[in-house]
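*Asks:* Give me coordinates for this.
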Amino acid sequence: MVGIARTPDEWAVFATDERATPVGRREFASEEAALEHFLSRLRAANRVTVGRSGEQGREREAAASLSVRYFIREHLVDGRLVPVRLFRRRMDATGPTDEYLADVDAWVGDSRGVLDRAVRFPLDADLEEISADAAGDVIAMVAARTYVALRRR
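*Replies:* Numbering: from 1, shown residues only. Just a heads-up that it's a prediction; the model follows:
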């Protein structure tokens, strides 16, 4: 289950485990950022549910097996969420290859398994899946060494 709560000072988005204990809590200064993260977690929960639903899930996984998926980690800087790390998962016949962007056109293997854990446990992750276009925007930010909030997901 995914929840959102308003406290006197901030908004909190969290998931709950089987005992209704909050896990993976993130705080936000603005309602807009909190709602956006809340919806992202709900979509992740739906992908997990659909991915486990038999034949339709296997077809979707087969279609994704030849693709590249991008994920972003964002932190709050001066009251705005800005990208701090871009990950990608490339799929081929041998399986997934997880990497993060170290510099312009310099991808490094994710030896700590951050992306793998985020894909396997999306409700507990602080990564959000983004489009290839949004990933291109992040790569452009890295090239310019100027980081602003993403306009598209």
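
*Asks:* Contacts for the strand ranked longest in the chain, please.
*Replies:* Looking across the chain with DSSP state E, the single longest strand is strand 80-92. With contact meaning C-beta atoms under 8 Å, 6 or more residues apart in numbering, strand 80-92 is reached by 33, 64-75, 96-101, 107, 110, 114-115, 118-119, 127, 135, 138-139, 141-142, 147-150. Yep, even glycine has a C-beta here, placed from its N, CA and C like the rest.

*Asks:* Return the members of the residues you listed classed as buried.
*Replies:* Neighbour-count burial (16 or more other C-beta atoms under 10 Å) is assigned, among these, to 33, 69-74, 98-101, 107, 110, 114-115, 118-119, 127, 135, 138, 141-142, 147, 150.

*Asks:* Tell me which strands the next helix or strand after the longest strand of the chain pairs with, and in which orientation.
*Replies:* With elements assigned by DSSP states H and E, the helix or strand that comes after strand 80-92 is strand 95-103. Applying DSSP bridges to the sheet, strand 95-103 is found paired with strand 80-92 (antiparallel), strand 106-109 (antiparallel).

*Asks:* Name the residues that touch the shortest one?
*Replies:* Translated: strand 106-109. Counting by C-beta under 8 Å, 6+ apart, 88, 97-102 sit against strand 106-109.

*Asks:* Of these, which is the nearest to residue 11?
*Replies:* residue 100 (27.8 Å; C-beta to C-beta).

*Asks:* Quick check, the closest one in contact with residue 115.
*Replies:* Yes - using C-beta atoms under 8 Å, residue 100 is in contact with residue 115, at 7.5 Å.
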